[in-house]
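Chemist: Here is the input, now give the coordinates:
(4 chains, ligands or ions: 4)
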Amino acid sequence: MEWLTIASDLIHTTIVFATALIFAAIGGLYSERSGVVNIALEGMMTVGAFTGAAIAYFAGNVAGMGNGAPWLGFLAAVVAGALFALPHAFASVTFNADQVVSGVGLNFLATGLTLYLAKLIFSGSAQTPTLQRGFSEWAIPYLADIPYLGNALFRAYPTSFVAFLAVTLTAYIVYRTPFGLRLYAVGEHPRAADTAGISVYGMRYVAVMLSGALAAAGGATIALTTTNNFSHNTISGQGYIALAALIFGKWRPFQAMLAALFFGIASAMKSVFQVYGLTQFVPVDFIYMFPYLLTILVLAGFVGRAISPAALGTPYEKGQR
Amino acid sequence: GNAANEGAGNTGPADQVTDGTDDGRPERTVEISVAMVTDVGGVNDNSFNQSAWEGLQQFAEEHGGKVDYLQSQNDADYVPNLNQFVKSGRDLTWGIGYMMSDAIRQVANQNPESKLGIVDDVVDAPNVVSVTFKENDGGFLVGVVAGMMTKTNKIGFVGGSEIPVITRFEAGFKAGIEAANPDAQLIVNYTGAFDAPDQGKAAASTIYNSGADIIFHAAGSTGDGVFGQAKELRNAGRDVWVIGVDKDQAQTFGNDITLTSMIKRVDVAVRTISEEVMRDEFKGGEVVTLGLKENGVGLPEHNPNLPQEVLDKVEEFKQRIIDGELTVPENP
Amino acid sequence: MMVDARPTAVQMKEITKRFPGIVANDAINLEVRKGEIHALLGENGAGKSTLMNILFGLYQPDEGEVWIHGKPVSISDPGHAIALGIGMIHQHFMLVEPFTVTQNIVLGLEPRRGWEVNLGLAAQQVGELSGKYGLKVDPHARVRDISVGMQQRVEILKTLYRGADILIFDEPTAVLTPQEIDELLKMMRRLAQEGKTILLITHKLREIMAVADRVTVIRRGKVVETLETAKTTPDELAAKMVGRQVRFEVVKKPARAETPVLEVKHVTASDERGVRILNQLSFEVRAGEILGIAGVEGNGQREIIEVITGLRRAESGEIRLGGQQMHGLSPRAIAEAGVGYIPEDRQKRGLILDFSVADNLVLKQYFQPAFQRFGFLKHAVIREHARQLIEDYDVRTPSEETKARALSGGNQQKAVIARELHSGPPLLIATQPTRGLDVGAIEFIHNRILEQRDQGKAVLLYSLELEEIMRLSDRIAVIYEGRIVGVVRPDDIDEREIGLMMSGHTRAEAEWEMEKMEAEKGGESHGQ
Amino acid sequence: MANKQENRMPKTFRRISALFKEGTWLPVIAVLLGLASGALIMLLGSYNPLTAYQSLLTRSFGDMYNFGEMIRQVTPLIFTGLAVAFAFRTGLFNIGAEGQFIIGAMAGIYVGVFWHLPWGLHAVAAVAAGALAGGIWGGIAGYLKAARGVHEVISTIMLNWIALYLVNYLTKRFMLEPGQMRSRTAQESAWLSADWLSGLFEHARIHFGILIGLGCAVVFYIVLLQTKLGFELRAVGLNPHASEYAGIKVKQSMIAAMFGSGMFAGLGGAAEMLGVYHYLSVEAAFRGYGFLGLAVALIGRNTALGTVLSAFLLGALTYGAPGMKFGAGVPEELIDIVIAMVIFFVAAAGIITAMLRLLSGRRRKKEAA
Ligand SMILES: Nc1ncnc2c1ncn2[C@@H]1O[C@H](COP(=O)(O)OP(=O)(O)OP(=O)(O)O)[C@@H](O)[C@H]1O
Ligand SMILES: Nc1ncnc2c1ncn2[C@@H]1O[C@H](COP(=O)(O)OP(=O)(O)OP(=O)(O)O)[C@@H](O)[C@H]1O
Ligand SMILES: [Mg+2]
Ligand SMILES: [Mg+2]
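Modeler: Numbers count the residues shown, from 1 in each chain, chains lettered A, B, ... in the order given. Ligands and ions are numbered 1, 2, ... in the order given. This next block holds a predicted model:
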């Protein structure tokens, strides 16, 4: 009995935490499949979180808009993310900058810009006020009432459902559509794609902006569901985790999602273990550590030589011989 | 530095942001200046830091004078930020929070002529006033409330990190529950951070799901997550409550989910000490401990959610503690 | 042939293209008629690829204009070129390895079903196309698994699928076996008869004489002349290309075959995937001889050399150098034991392009007492050593501190040769030593290799260019599926016969096959 | 043939581009552009950039105290910067300086607390322990890459988190100061700070770590460019294939490279703790020196001198930032924007060189005419 409750609760919380990672990992998938390393997921999530929180605040707290407020914030975040990704594409696609370096730059820009704006807008405080209207969980009729299972799977934030949708859609796009085929080609052998009449730069810009949009959606998810505000540590490294999830998932949509869920368990276990008094067996620090440790072990074990897109990280110069 | 000093006074959004003196009242001849340094939390954490900052702002409202704050990026910033104010000749500089005590001690020793204050910890230096609170006493009272109000006999406590200040909350809360309702069970959860609402939310979610109906949080803005979760469950039709901390958090999160709050009058403390400085009555080396008697801790005046008999019970225990008949443990 | 009657398909007028520090194309004029096979001939870096890359929209010319079918066009990118009916088969194939043949061919022009790529239909179209032009490919095979020859057919199909009627071939034969080359040349003629216009870049005069109607010679970015192949000779072309007379036949004293230096006995090895790649392979190289290894790419020649040089572990068998057991030693130990090694890809394996020439020249010696003491490098000595080699081997570089990257291909190769030969190792292993170089550089390098032999050193030569092997080797070991299927002498066997052995036939079978083919061909001549 | 190249270029452009090849001016220009963009953003926020930058400088250089504190801020950046740069020069991207820093800090404090050694020697031992620990932590990532093909970017990110929590645990479990969330204080014999030194700087927490840092920069230079080891490390970094063919043990040298990189970071961690705090506090989040180290190395073009200079630059900027808030009300986060812009301009050198080429392009036309 007790254990069922724990399990059901663990799953539920896992999904809550994993959602943002799923968004970001899927975002990273687009840009990395096109051959552009995206270590900037962190920054893109940050921008998404800020935009989402800020817009939702003005819509909800100020304009007194109803349940639409978080949705408005969410959409705004998606747009902002796509735009914020542009410098990365500009530097690393157009100007052949080292993609990791430009990614690092973008991450600095994100922290700086969001907190600067936050202080500018919210009278000097490094965070947005707490939202009156965040997302609240959806319960799927009937299913949600199934004991344990209902709470575990069918009671979740709308964003979680959107995330799963995004994964499925991405899988379809990547594996079935011409866009997917070309995306893959551009990431594997840009010159071949170019000579086949595909615009490598075009594809990479689109891919990077898509990744910005999705990563931002992830950031917004956190701000609008779990923290209900934006502050300096709303994202705190989750972009990097999403990147790990992507690689962990071998640049494949569903595997990446599973990896993200796996990381979600980590954060979930933290509280679940404490509340159910399991920390007397495992020090809480080890629970925090666990997923990262396991990732390394797994990568070192068999996923180690997961073949990344061949051209990943190498800028494409038309003129090059 | 001097330039910084001039800069501090001059125009620009700086003053709108942090000064109390933005209403056109006639300037005092000798303007008193008080400043505070916060940890990474910042002055909008809905609780501790915010309360302190409000104290300073009220002070500026009433007496004019210039108030200012710096938010630290990390613990390396504490000392230089404090020094920034001390060296620019602030009449009094506050370190808000337990984390600051080492820094305060250092700055105090190095600048004997300066006046400093620390909240939540004791720094014995001739030029430092230390303000501590009897969180355990206050915690006891809300513990009584929780013990009497719970319908499920399961109650939660969400703490920031496991430091003496916070464990005093827990200890008092625990004792209070036992005193009022021996068969109620307490679930304790430390999130390890004062600025992680998502962790607070996860903790709350788990605690409520395990059957608790009241959670008392002492975790700064991490507690926001507890309120967030309670709001949601309430929307989902569950009868759950939160007991706020530091301020009357009903004002922020509404009476519908805020059962009551364990108020910790950081604002009052900060204001009164600042006033002492203004009247040149600063007693360096003094340790001010604020408990129930001094109204340093306690419940808000208005408790729309609490039935009279609960309030009476609380009042009764309060008296017994003040009269010393009952001593509340400091450690859980 | 009544060439003149045919209308102009491609016209490039006063094309100039500059790269940092060099004018790759200098006011080039080129005019190609519809349905003709037009060859471009020139040294490395003459500007052939550049010119064609301009025609295909990969580069933009700095000056000049391009006319297609009598209309002026500005070709902004390959997509545009394709739209104009231009297709290019590149020096290095433009194929996405993990994709199937079909996916590669339809990429960018995918037939659709609703939102999706209609792979079924695509495969069907590919099938038809390959049928129509007799280009045998398996539509569903993954490109990474198919032979080089088939990969090239895929490249051609790619262009045809896009409806190209102007086809550019950039050094298409460099990687092919003689048989595949014949196939390809036949195919070109067929396409030409179909009315397709073909531009062919190659360094091989024989091929030009075989298929081209006309040839344009380019030197240092300028057009020297356009000639009718019918009215010229290989020697004339070579002279025009280099600007001086070149003699093709290297003078070769008969080898004084002596005691074996390298003995390879029953070596067996498998690759990463556990597939058997070397199978009881045995041969020996004697002092004072050049042993050539002939074989179709991927039959184990690369692997056996990796085994000899210690880069790969063999499961069984022995390797002896001057009688000493070498098996299992580290690459460095083996090199120190007296093995010079010219790796096949100078830019990837031979040099560290971002190191100075000087550092590259000590890459295999920096650890020797001469160049370091107590782990500290003696930079002065290293530079001096470099200046010496640069002079001895005529490496054209501004200074020994210049980065290897800035050197031209030929000079990069010279640097590698200098490093590997100056210490006079008893065994020299040369893999593809002249790949992508022009006759001038080739001449230089070939002479150096022969020099070694004549000094009584043993040389193991591996090249995909059969011509080169025939020309240099004293004995030729033909390798097939990880075994030596026969050892022959160049002077008593003909290229295409070796070609057959390379595809698994024993010598006897090979001769029989040859007769059969001659019979089939009957009168059809190859124009040489 | 490179000389042939030169002749084709107009003198002026040749000079400029020569400078770029050295990579000397690029960062300088980038920094100026970065500050300019910062100013622009301040104007948009209706702040006064001049006052802001002035009060930034005042906070960093205004008086001995702040100068000393600024140096204190610079010190760890030198170490983490060198760590990142060292890895970079050997073809590895070490995002793990943060974790190596933490591990080093722990090792240093551990020795400082539990060992008993005479003055000075104790400090040396503690710092050495930090270096070793950091090196091992980095070496793990090196091993994972060399032997198991795990990309170092991922493994180091993971190792950062592991380090954070592992050190928190060890601190709480073995070194906790009763009633505090920090370790016990290290014995004075292990301190890197000295009263007389801070005395010179009005009690600023400047400490001998800065000297160690500068020493490390020299070591960095010598090892990388003057020694056989460095030759191998760089060779592998630039072209592992060619290195393997040349008989260099690629895997070992990858591990060695990450070990060396980690040593710098670990050294920094130990120095920071023994010089500034003398204890190790339980942290809920990263201190961020490792990540700043990325910026330092990138802006410093991964050279020893460059790294030191850019450590001073970023140290001055980040330490001075609160001054902008204090003096002109400008949010200190603005400085992150400036840093970001600088990184962009350095990374996409193309942007700058493109501008210059345009200029010189016109000039070429003129000369032609
Ligand atoms: N992208 C480039 N950047 C700089 N220089 C280039 C570039 N492409 C070609 N070059 C130079 O332009 C000249 C012409 O090169 P190109 O490749 O056209 O010669 P090629 O005739 O095709 O030589 P090869 O026979 O070796 O293929 C060479 O000197 C080459 O180094
Ligand atoms: N990728 C490149 N980027 C810039 N310049 C290049 C590049 N590759 C080659 N070059 C320049 O182009 C010139 C010719 O290069 P290439 O490799 O074609 O030499 P080459 O003409 O083949 O001479 P060789 O016959 O000696 O090989 C070289 O001098 C080199 O400086
Ligand atoms: Mg060439
Ligand atoms: Mg070419």
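Chemist: residues contacting whatever residue of the stretch 201-350 of chain D ends up closest to chain C?
Modeler: Proximity of the stretch 201-350 of chain D to chain C (Cβ to the nearest Cβ) peaks at residue D:247, 3.0 Å away. The way it works is simple: take the backbone N, C-alpha and C, and place the C-beta from them, glycine included. Contacts for residue D:247 (Cβ atoms under 8 Å, 6 or more residues apart in numbering or on different chains) come out as C:330-333, C:335, C:364.
Chemist: Could you look up the next helix or strand downstream of the helix or strand encompassing residue A:88?
Modeler: Using DSSP states H and E, residue A:88 sits within helix A:68-89. Next along the chain after helix A:68-89, taking DSSP H and E as the criterion, comes helix A:99-121.
Chemist: mind listing the strands for chain A?
Modeler: A:138-139, A:155-156 (DSSP state E).
Chemist: which of the ones you listed is buried the deepest?
Modeler: strand A:155-156 (a mean of 22; mean count of other Cβ atoms under 10 Å in any protein chain shown).
Chemist: Which other helices and strands does that strand contact?
Modeler: helix A:2-33, strand A:138-139 (3 or more Cβ pairs under 8 Å, 6 or more residues apart in numbering or on different chains; DSSP states H and E).
Chemist: what's the first one packed up against?
Modeler: The one in question is helix A:2-33. helix A:41-56, strand A:155-156, helix A:158-176, helix A:178-188, helix A:200-221, helix A:238-248, helix A:253-275, helix B:197-209.
Chemist: wait, what's in contact with residue A:292?
Modeler: A:266, D:158-159, D:161-162.
Chemist: Taking the residues you listed together, which two end up most distant?
Modeler: Spatial extent of the contacts of residue A:292 (Cβ to Cβ) is set by the pair A:266 and D:159 at 15.5 Å.
Chemist: and these two? which has more neighbours close in?
Modeler: More crowded of residue A:266 and residue D:159, by other Cβ atoms under 10 Å in any protein chain shown: residue D:159, with 28 against 21.
Chemist: returning to what we had before: for the helix holding residue A:88, output the C-alpha coordinates as CSV.
Modeler: This file holds the C-alpha atoms of helix A:68-89, laid out as CSV (Å, rounded to 0.1, in the frame of the first residue of the first chain):
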residue,chain,number,x,y,z
GLY,A,68,-5.1,32.2,-20.4
ALA,A,69,-2.3,34.0,-18.7
PRO,A,70,0.1,31.1,-18.4
TRP,A,71,-0.6,30.0,-22.0
LEU,A,72,0.2,33.5,-23.2
GLY,A,73,3.4,33.4,-21.3
PHE,A,74,4.2,30.0,-22.7
LEU,A,75,3.7,31.1,-26.3
ALA,A,76,5.6,34.3,-25.7
ALA,A,77,8.5,32.2,-24.4
VAL,A,78,8.5,30.0,-27.5
VAL,A,79,8.8,33.1,-29.7
ALA,A,80,11.4,34.7,-27.5
GLY,A,81,13.4,31.5,-27.5
ALA,A,82,13.4,31.2,-31.3
LEU,A,83,14.7,34.8,-31.6
PHE,A,84,17.2,34.4,-28.8
ALA,A,85,18.7,31.5,-30.7
LEU,A,86,19.5,33.7,-33.7
PRO,A,87,22.9,34.9,-32.4
HIS,A,88,24.0,31.3,-32.0
ALA,A,89,23.1,30.6,-35.6
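Chemist: where along the stretch 51-200 of chain D do the helices fall?
Modeler: For the stretch 51-200 of chain D, the helices defined by DSSP state H, counting those that start in this stretch occupy D:64-89, D:97-114, D:121-148, D:152-170, D:195-200.
Chemist: Tell me which of those lies nearest to ligand 1.
Modeler: For ligand 1, the closest of those is helix D:64-89, at 25.6 Å, according to Cβ to the nearest ligand atom.
Chemist: and that closest one with helix A:99-121, angle?
Modeler: Computed by axes from the mean of the first three to the mean of the last three Cα atoms, to 10 degrees, the angle separating helix D:64-89 from helix A:99-121 equals 150 degrees.
Chemist: List the contacts of the residue of the stretch 151-300 of chain D found nearest chain A.
Modeler: Going by Cβ to the nearest Cβ, chain A is nearest to residue D:169 of the stretch 151-300 of chain D, at 3.8 Å. Contact analysis of residue D:169 by Cβ under 8 Å, 6+ apart lists A:283, A:285-286.
Chemist: and those, which of them are in helices?
Modeler: The helices, defined by DSSP state H, take in A:285-286 from those.
Chemist: Can you tell me which of the contacts of residue D:169 are buried?
Modeler: A:283, A:285 (16 or more other Cβ atoms under 10 Å in any protein chain shown).
Chemist: Need the contacts of residue D:169 in TSV (columns: pLDDT and distance to residue A:50).
Modeler: Formatted as TSV, the contacts of residue D:169 follow (pLDDT from 0 to 100; distance: Cβ to Cβ, whole Å):
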residue	pLDDT	distance to residue A:50
A:283	85	34
A:285	87	30
A:286	88	33
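Chemist: Residue B:143: which of the contacts of residue D:169 is nearest?
Modeler: Using Cβ to Cβ, these come closest to residue B:143 at residue A:283, 27.9 Å.
Chemist: follow-up on the earlier one: using a markdown table, lay out the strands of chain A together with distance to ligand 1 and mean pLDDT.
Modeler: Below are these laid out as a markdown table (distance: least, Cβ to the nearest ligand atom, whole Å; pLDDT from 0 to 100):
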| stretch | distance to ligand 1 | mean pLDDT |
| --- | --- | --- |
| strand A:138-139 | 56 | 86 |
| strand A:155-156 | 53 | 86 |
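Chemist: Show me where chain B has its helices.
Modeler: B:2-9, B:13-18, B:48-63, B:78-87, B:101-110, B:135-149, B:164-180, B:197-209, B:222-235, B:250-253, B:266-278, B:308-322.
Chemist: Quick check: the spatially closest residue to residue B:121 that is not a sequence neighbour vs ligand 2, distance?
Modeler: Distances taken as Cβ to Cβ, 6 or more residues apart in numbering or on different chains put residue B:101 closest to residue B:121, at 4.0 Å, once the chain neighbours are dropped. Note on residue B:101: its distance to ligand 2, by Cβ to the nearest ligand atom, to the nearest Å, is 62 Å.
Chemist: count of residues packed around residue B:101?
Modeler: Residue B:101: 20 neighbours (other Cβ under 10 Å).
Chemist: what's the closest non-adjacent residue to the residue positioned nearest the centre of chain D?
Modeler: Nearest to the geometric centre of chain D sits residue D:81, at 1.7 Å (Cα atoms, centre = their mean). Among residues not flanking residue D:81 along the chain, residue D:296 sits closest, at 3.2 Å (Cβ to Cβ, 6+ apart).
Chemist: C-terminal to the helix or strand hosting the one you found, which secondary structure element comes first?
Modeler: Assigning secondary structure by DSSP H and E places residue D:296 in helix D:289-299. Later in the chain than helix D:289-299, the nearest helix or strand by DSSP H and E is helix D:304-328.
Chemist: Nearest approach to residue C:34 belongs to which of the helices of chain B?
Modeler: Between residue C:34 and these, the shortest gap by Cβ to Cβ is with helix B:197-209, which sits at 70.0 Å.
Chemist: is that closest one up against chain D anywhere?
Modeler: No - residues of helix B:197-209 are not located near chain D by Cβ under 8 Å from any Cβ of the partner chain, the shortest gap being 9.5 Å.
Chemist: does that helix come close to chain A?
Modeler: Yes - using Cβ under 8 Å from any Cβ, we find that helix B:197-209 touches chain A at B:197-199, B:201-203, B:205-207, B:209.
Chemist: Now tabulate those in JSON lines and tack on neighbour count.
Modeler: Shown next, in JSON lines, are the residues of helix B:197-209 next to chain A (neighbours: other Cβ atoms under 10 Å in any protein chain shown):
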{"residue": "B:197", "neighbour count": "32"}
{"residue": "B:198", "neighbour count": "27"}
{"residue": "B:199", "neighbour count": "26"}
{"residue": "B:201", "neighbour count": "31"}
{"residue": "B:202", "neighbour count": "28"}
{"residue": "B:203", "neighbour count": "34"}
{"residue": "B:205", "neighbour count": "27"}
{"residue": "B:206", "neighbour count": "28"}
{"residue": "B:207", "neighbour count": "28"}
{"residue": "B:209", "neighbour count": "20"}
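Chemist: Many thanks, I have nothing further to ask.
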